[in-house]
Every structure is written in structure tokens, then in C-alpha cells.
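K.L.:
Structure for this input, please:
(chains A, B, C and D)
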There are 2 protein chains.
Amino acid sequence: MEILVKKNRKQQIEEKATTLFRERGYAATSMRDLAQVLGIEAASLYSHIKSKEEILQKICFRMADEFFEAWKGVESEQNSAAAKMNKAAIAHVKVITRNTDASAVFFNEWRHLSEPYLGDFLAMRDDYEGRFIQIIKDGIASGEFEVVDEKFTMLTILSSLNWTHNWYKPEGSLTPEEVGVKLSNLVLNGLKK
Amino acid sequence: MEILVKKNRKQQIEEKATTLFRERGYAATSMRDLAQVLGIEAASLYSHIKSKEEILQKICFRMADEFFEAWKGVESEQNSAAAKMNKAAIAHVKVITRNTDASAVFFNEWRHLSEPYLGDFLAMRDDYEGRFIQIIKDGIASGEFEVVDEKFTMLTILSSLNWTHNWYKPEGSLTPEEVGVKLSNLVLNGLKK
DNA sequence: ATAATTTGCTAACGAACGTTAGTATGCTTA
DNA sequence: TAAGCATACTAACGTTCGTTAGCAAATTAT
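P.N.:
So this is what the prediction gives:
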């Protein structure tokens, strides 16, 4: 009967690898380390995967997919740039808080991707960052936001949002939604009264 | 005659290592990679250094020293928390922008330190972060700042400041001081008008 | 019942890793 | 001029790396 409980070995491998890559880094995690966590021999891993890098690719591009998926609904009919930024921040943070380990790998280990994956990855990142820049531009044009350097501001905002993976604990008191709201509020309104 | 121009081999090694560690990560940089950049054999490195990790230790703890050194002057006689935060942000960002490569190593590679260095490092980080928390607490107590979760706010602010190493180009138009001012302003006043 | 798939093993490959030993050369200092 | 230090070499060490080949058992699908 048990539905959704059975996971095939490949999924297990990717899950454990995500944890290890997060804790030790991709380069410092050996296939023998990974095998040991799963209770098998290193060579046995290759019955399920093609290479070590394939695991990293899966993690990185699955996260990218999730970020783009979450973006849907951000640029809806509403016209306020602040509301859009709020929505975007919440959507973004929700993805991170629901995948803290995979997010850490996504943010820190992507440089170990080889071509053409690396190029694809960077192109997606550019695309994604461009969406935040557009919101900022809109806000400036409409007079909602201060006149700022859009790229600088985008980088600053995203760095705040992206850091979430480093401290968020799912078992803590804050829900992903609440984290997004608080971050969005701090970014939009600042610390001063 | 030439003063301050002559650098001994050990310094050269640390400089080149900083660049490589930044570009490829500590674990993915081999001693043979490093030797090649310097035009010597890998074994020759050991006439100057004790181990690969020693280089990482030097980078990390020199940066830590610089951050603490820069803090002097932040907690001066002035009483406004906003002014203190402004000073702290500028001081912090100045250190980063003047050492972007070493900062990247400092922020991303410290986990490869072994004990007792790792413990020392984390203790220093806690100390440093505590200083930012104190400014936030002061600002809340004095009514200058919104009532916020101090730790959450500290993490968010520092993540913005610390991301600077990833995009700042010394040859660009912004001076370190200007970057600090802009970041501090965004954090304190927010994006909205 | 049989075929196919999943899962795992042992053994081993060649390459790369950090590091040490021992030696040699040239520069700097006493 | 001698001593000492800085610098670099060749050769090699034992270990670990990612990965492949070939085989075997168990499970699943036809």
C-alpha cells in the first residue's frame, strides 16, 4: 500500500549527496564518503548514476527549476512594484527554506559544473536576476522607490534573501512565509523608524 | 633602493594561493596547481610553508584581524545607533573591497580549517557578529530602530555587506567608502521612498 | 515461468593527491 | 672568505581519487 514512501536508490543517492556536498563541499566529498553513508561500496553507486558531477547537475538544475516555478504568480496583474518585490521575495525565500541543503549546494558549488552546464547555469542566473532588476526599475520609474543603482540594489537584496539557507531551521518558530515577509519588509522599509 | 617592492617567496605563495582558492575553492586547488602558477615544482613550496592548510589559516586569520582592526573607531563617543551602524558598515565594506579575493576565501573556505583553528575562527565570528547585534539592540532601545529580531537582522545586514566581495571591482567607479555608504543607506532606510 | 531490471559486490585501473628526503645553487651576512 | 639562509630541484612515498569491468543475487514485469 504505502504510497510515496518508496524511493528508488537514485533518489536516495541524490539526497545523501546533497547533505554531504552542503556540509563538506563538492570537491571535498568523495564517492567513498557518499557510499559509506548509504551503506554500500563506492563502485555500486555507478549502477545508478553516470558520474559524480551528474549528481551536482541534478541538484543545481532542480533548484533552478524551483526558483523559476515559484516566480509564476509574482508578475501578476498588480501594479505596485513594492507588492511585486514583496511577492518575489516571499516566493524566493520559500523555495530556499524548503530546500536548505540543496540551496546551499546551489549557491556554493555551482562553479564545479563543467561546460556546457556551467554556461547554462549562468545564463539562467542572469535571467533570474534580470527579473529582480526589472521590478526595481519599475519602482523607480513609478516613483515608488528611491533612485538607486538597479544592479547594485538587486545584488544586495538577493544576497539577503539567499543567505537564508545558512540559518533557517525548519523546526524553528518562523514559517517560510514569515521569513519572506520579514526580509521583504526590512529591504523595502529599512531598519530605521 | 627599491623599498617595499621586494616580496619574499612566502608572500608570493600566499598571494597566488588566495587567487586560486578564490577561483576554484580550497579543496579543488592542488599544490601542483599552485606551484605551476609560481613557476616552480610542488615540492619546492615546502621550503617556504609547512602545509597547504597553513596557507588557508594565514588567509583566514589575517582577514579576521583586519575586520577587528577596522572596527576600532566604530564604537566611539557618538550616541546614535544609526551612525554607529553606518560607521560599522563602511568599515566592514572597506576591508572587503580592499581584499576581494582574500574575503572570498575567508567567507567560503573557512570550513576546511581543522581544529583548533576552526573553533577559534568560529569564536571570532561570534564575537564580531555580537557587535552588530549590540548596535541593533541599542537602536531598538533608544527608539531609533524598528523593533526587530536582532539576530535575524544582523544576519541579513551582514549578508548584504559580505556579498560585496562577489561583485566589487577596484577598477570600477565606486570607491570603497561609497559602497559602504550606499549599503548602509539601503539597510537603514530601505528601498521605498 | 521467464525475461528484464534493479541492486550490489570484488578487484582493479591509472591518475592525482599532499608531503618528505636528500641534495644543490646562489645570495647575504659576519 | 666562510657561514648561513633562501630557494629550488629530482625522486619518490603512501594514500586517495573517480571510475570501469565483470559477475551475481534479488526483485519486478511480462
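K.L.:
only C-alpha atoms for contact and neighbour calcs from this point on.
P.N.:
Noted.
K.L.:
Run through chain A and note the low-pLDDT ranges.
P.N.:
Residue ranges of chain A with pLDDT under 70: A:1-7, A:77.
K.L.:
Please identify which helix or strand holds the residue nearest the centre of chain A.
P.N.:
Centroid check for chain A by C-alpha atoms, centre = their mean gives A:Ser103 as the closest residue, at 4.2 Å. Element membership for A:Ser103, per DSSP states H and E: helix A:100-108.
K.L.:
Show me what the very next helix or strand once past that helix is packed against.
P.N.:
Counting by DSSP H and E, the element after helix A:100-108 in chain order, helix or strand, is helix A:117-141. Here helix A:117-141 touches helix A:52-71, helix A:81-98, helix A:150-162, going by 3 or more C-alpha pairs under 8 Å, 6 or more residues apart in numbering or on different chains; DSSP states H and E.
K.L.:
Those helices: which one's closest to B:Glu41?
P.N.:
Closest to B:Glu41 of these is helix A:52-71 (C-alpha to C-alpha; 29.5 Å).
K.L.:
CA atoms of the closest one as PDB?
P.N.:
Output of helix A:52-71 as PDB, limited to C-alpha atoms (Å, rounded to 0.1, in the frame of the first residue of the first chain):
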ATOM      1  CA  LYS A  52      29.800  12.400  -9.500                       C
ATOM      2  CA  GLU A  53      29.200  15.600 -11.500                       C
ATOM      3  CA  GLU A  54      25.800  14.300 -12.700                       C
ATOM      4  CA  ILE A  55      24.600  14.500  -9.100                       C
ATOM      5  CA  LEU A  56      25.700  18.100  -8.800                       C
ATOM      6  CA  GLN A  57      24.000  18.900 -12.100                       C
ATOM      7  CA  LYS A  58      20.700  17.400 -10.800                       C
ATOM      8  CA  ILE A  59      20.800  19.300  -7.600                       C
ATOM      9  CA  CYS A  60      21.700  22.700  -9.300                       C
ATOM     10  CA  PHE A  61      19.200  22.400 -12.100                       C
ATOM     11  CA  ARG A  62      16.400  21.100 -10.000                       C
ATOM     12  CA  MET A  63      16.800  24.100  -7.700                       C
ATOM     13  CA  ALA A  64      16.900  26.500 -10.700                       C
ATOM     14  CA  ASP A  65      13.600  24.900 -11.900                       C
ATOM     15  CA  GLU A  66      12.100  25.500  -8.500                       C
ATOM     16  CA  PHE A  67      13.100  29.100  -8.400                       C
ATOM     17  CA  PHE A  68      11.600  29.700 -11.900                       C
ATOM     18  CA  GLU A  69       8.500  27.800 -11.000                       C
ATOM     19  CA  ALA A  70       8.000  29.900  -7.900                       C
ATOM     20  CA  TRP A  71       8.300  33.000  -9.900                       C
END
